[in-house]
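Participant: what shape does this take:
(chains A, B, C and D)
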Number of protein chains: 2
Amino acid sequence: MVAGSATVGRRALAKEQRRQQLIDATIKCIAKKGLSSTTLADVAKEAGLSQGIVNLHFDSKDNLLYETLRYVSEDYDKQFMATYAQTSADPAACLLALIKMDLQPSICDAKKLAVWFAFWSEVKAVPTYQKLCAARERKYDDVLVDLAARIIDDGGYEDADASLVAKALGSLTDGLWLSCLVDPKSFDRQVALNTVKSYLRGIFPDHYLREPTA
Amino acid sequence: MVAGSATVGRRALAKEQRRQQLIDATIKCIAKKGLSSTTLADVAKEAGLSQGIVNLHFDSKDNLLYETLRYVSEDYDKQFMATYAQTSADPAACLLALIKMDLQPSICDAKKLAVWFAFWSEVKAVPTYQKLCAARERKYDDVLVDLAARIIDDGGYEDADASLVAKALGSLTDGLWLSCLVDPKSFDRQVALNTVKSYLRGIFPDHYLREPTA
DNA sequence: CATAACTGAATGAACAATCATTCATTTTAT
DNA sequence: ATAAAATGAATGATTGTTCATTCAGTTATG
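Facilitator: Just a heads-up that it's a prediction; the model follows:
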C-alpha cells in the first residue's frame, strides 16, 4: 500500500493516538452492539485494524473497558472543569452553564450515554467501576452543593437546602440523560433545558426569573 | 403430591413457576456478575437446576433476557397502577405516593436497578428493548402530566407547565435511582424523598407546604 | 390395591460456535 | 540495519444449544 494519505489511520500513529483510536472504536461498538455483545474483533474491525491489536495496546479486554470508562469520565471532567472555570465567579450563571453543558450534544448523545449506562449497570459487579463512578458522583455533588450554597446565601433563600438542591439538579440531568438514551426521537434539548430552568426559577426566583429564552 | 417439602425447587413446580424461578435467578445473576458476564450456566446454577434448563423453558438466552425485562417492567407497572388507583382522586397525594413508591426498597434497590440499567444500556442495540422501554417512559410521563395539570388547575399555579413538571419529576426519580445504584452506601431514602419534596414545595407551595416529616 | 405403561419435566454430557489471547512473521519507521 | 508496530492464523477456554437418557408423577390395567 502506497501514498499514506489514503491509509490514514493504519500506521504511523503515535502509541497514545492508537490507544485513543481503539477507545473510540470501543465506544462506537458499545453504542451499536451493546456491551454484552462487543468483542475484541468488533473493536479491531471498527478501528480498521487487526485481530490482536487490542491485546497489544491494552493487554486485556478488561483493561480496554476500564480505560474506556476512564476516558469518558475524563472527557466529561475536562468539559465540566472548563465550564466551571469560566463561570464560577457567578454561581447562578455557573450552575446554569453546567446544566447547559450536560445537555449539549458533546456530552448528551445516545452514543456516549449508552457507554455510561453500560458501565453503571456493572458497578455492582466490577469494584473498579464502582470506585470510579462513586468518586465522580461525589465530586460533582460537592461542586453543586457549593454553588447552591452561594446562591442561597446571596439571595437569602432561607428555606432552601443546598444539599437537596444539588442532589435534585444532579439527579435531574442524569434522568434527562436516560430519556435521551431511551427515546431519542422525542427527546428535545430545549425542552430538557427548560425543564431544569423551570426548577431553578421555582427555587431561586430572584436569580433565574425571566431569562431571555436563549 | 406427597409432602414435597424436601424437594422444593427440584420438581413438581408448575411451568409458569419454573419460568419465574429462572427469571428471578437471571435478575440475581445480572446484579451480581453484570449482564455481560451472565451465562446460562450461571442462571441454572443460581436456580439450583441443570445446564439445559433455560433452553427448555425459554428456547434461547435472548428470549430469557427479554422475558426478564418484561417481568421487571410489569412488576413495576403493577405497583405503579396500584398506587395510582388508591390515590388518584387527590392528584397532589397521588404524585407524592408515586414518588414514595419509586423510592421504596421493593423498587429502588441496587439489585433491580442493575437490571434496569443493563437493559437501558442496550436499548440502541436491541430494538425490542427500545420499544418496551420507550413505551414505558411515555406511559408514565402521560400519567404525571395529567396529575401535574390537575394540581396546576386546582392551585392556580399559572406559571407552571404540567409537561415540564412531569418531565422533571420523572427524571428526578430516575436520577435518584442512579445514585442508589452507584453509591448505595451514601444513598439515603429519606434524603432522596426530601429532595423530591423540596422540589414539589417549591413549585406547588399550597399543596405541599409543611407536611409532617413522615 | 398393586403394578405396569405412559407422560413430560429435568438432567448433564457432548457439540459447535464464539471469543480472548498468544505469537511467529511481516511491515514500517528511523 | 535495527527496533518497534502491526498482522492474522492458531489455540485453548468459554458458552449457547442440542438431545439421548433419567426420573417423578399420573393414568390405566389386572
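Participant: please count neighbours and contacts with C-alpha atoms only from this point.
Facilitator: Noted.
Participant: quick one, longest helix in chain A?
Facilitator: Secondary structure assigned by DSSP state H gives helix A:127-155 as the longest helix of chain A.
Participant: for that one, buried residues please.
Facilitator: A:129-130, A:132-134, A:136, A:140-141, A:144-152 (16 or more other C-alpha atoms under 10 Å in any protein chain shown).
Participant: go on, stretch A:67-77?
Facilitator: Neighbour-count burial for stretch A:67-77 [16+ other C-alpha under 10 Å]: A:67-69, A:72.
Participant: now stretch A:87-104
Facilitator: Here stretch A:87-104 shows A:87-88, A:91-103 as buried, counting by 16+ other C-alpha under 10 Å.
Participant: cool, and stretch A:159-170?
Facilitator: Result for stretch A:159-170 [16+ other C-alpha under 10 Å]: buried residues A:160, A:162-170.
Participant: for those, which one is nearest chain B?
Facilitator: A:L164 (5.1 Å; C-alpha to the nearest C-alpha).
Participant: helix or strand for that closest one, which one?
Facilitator: In this assignment (DSSP states H and E), A:L164 forms part of helix A:162-182.
Participant: how much space between A:D188 and A:S179?
Facilitator: To A:S179, A:D188 is 10 Å away according to C-alpha to C-alpha, to the nearest Å.
Participant: try A:D90
Facilitator: 30 Å.
Participant: and A:K45, by the same measure?
Facilitator: 30 Å.
Participant: near chain B, which of the buried residues of helix A:127-155 show up?
Facilitator: A:130, A:133-134 (C-alpha under 8 Å from any C-alpha of the partner chain).
Participant: show me where chain A has its helices.
Facilitator: A:15-33, A:40-46, A:53-58, A:61-87, A:91-102, A:110-121, A:127-155, A:162-182, A:189-203, A:205-208.
Participant: any chance of the ones you listed in TSV, plus mean pLDDT and distance to B:D24?
Facilitator: Shown next, in TSV, are those (pLDDT from 0 to 100; distance: least, C-alpha to C-alpha, whole Å):
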stretch	mean pLDDT	distance to B:D24
helix A:15-33	97	25
helix A:40-46	98	31
helix A:53-58	97	36
helix A:61-87	98	27
helix A:91-102	98	36
helix A:110-121	97	17
helix A:127-155	98	23
helix A:162-182	98	24
helix A:189-203	96	35
helix A:205-208	95	47
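Participant: so which of these is nearest B:A82?
Facilitator: Closest approach to B:A82 among the helices of chain A (C-alpha to C-alpha): helix A:162-182, 23.8 Å.
Participant: now do the closest one: distance to the chain's middle.
Facilitator: 12 Å (C-alpha atoms, centre = their mean, to the nearest Å).
Participant: could you export that helix as PDB, CA atoms only?
Facilitator: Backbone C-alpha positions of helix A:162-182 (Å, rounded to 0.1, in the frame of the first residue of the first chain) are rendered in PDB as follows:
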ATOM      1  CA  ALA A 162     -28.100  23.500  49.300                       C
ATOM      2  CA  SER A 163     -27.500  19.800  49.700                       C
ATOM      3  CA  LEU A 164     -31.000  18.900  48.500                       C
ATOM      4  CA  VAL A 165     -30.900  21.400  45.600                       C
ATOM      5  CA  ALA A 166     -27.600  19.900  44.500                       C
ATOM      6  CA  LYS A 167     -28.900  16.300  44.600                       C
ATOM      7  CA  ALA A 168     -32.000  17.400  42.700                       C
ATOM      8  CA  LEU A 169     -30.000  19.100  39.900                       C
ATOM      9  CA  GLY A 170     -27.600  16.200  39.600                       C
ATOM     10  CA  SER A 171     -30.400  13.700  39.500                       C
ATOM     11  CA  LEU A 172     -32.400  15.800  37.100                       C
ATOM     12  CA  THR A 173     -29.700  15.800  34.500                       C
ATOM     13  CA  ASP A 174     -29.000  12.100  35.000                       C
ATOM     14  CA  GLY A 175     -32.600  11.400  34.500                       C
ATOM     15  CA  LEU A 176     -32.800  13.600  31.400                       C
ATOM     16  CA  TRP A 177     -29.900  11.500  30.000                       C
ATOM     17  CA  LEU A 178     -32.000   8.400  30.400                       C
ATOM     18  CA  SER A 179     -34.800   9.900  28.300                       C
ATOM     19  CA  CYS A 180     -32.200  11.000  25.700                       C
ATOM     20  CA  LEU A 181     -30.900   7.400  25.500                       C
ATOM     21  CA  VAL A 182     -34.200   5.500  25.600                       C
END
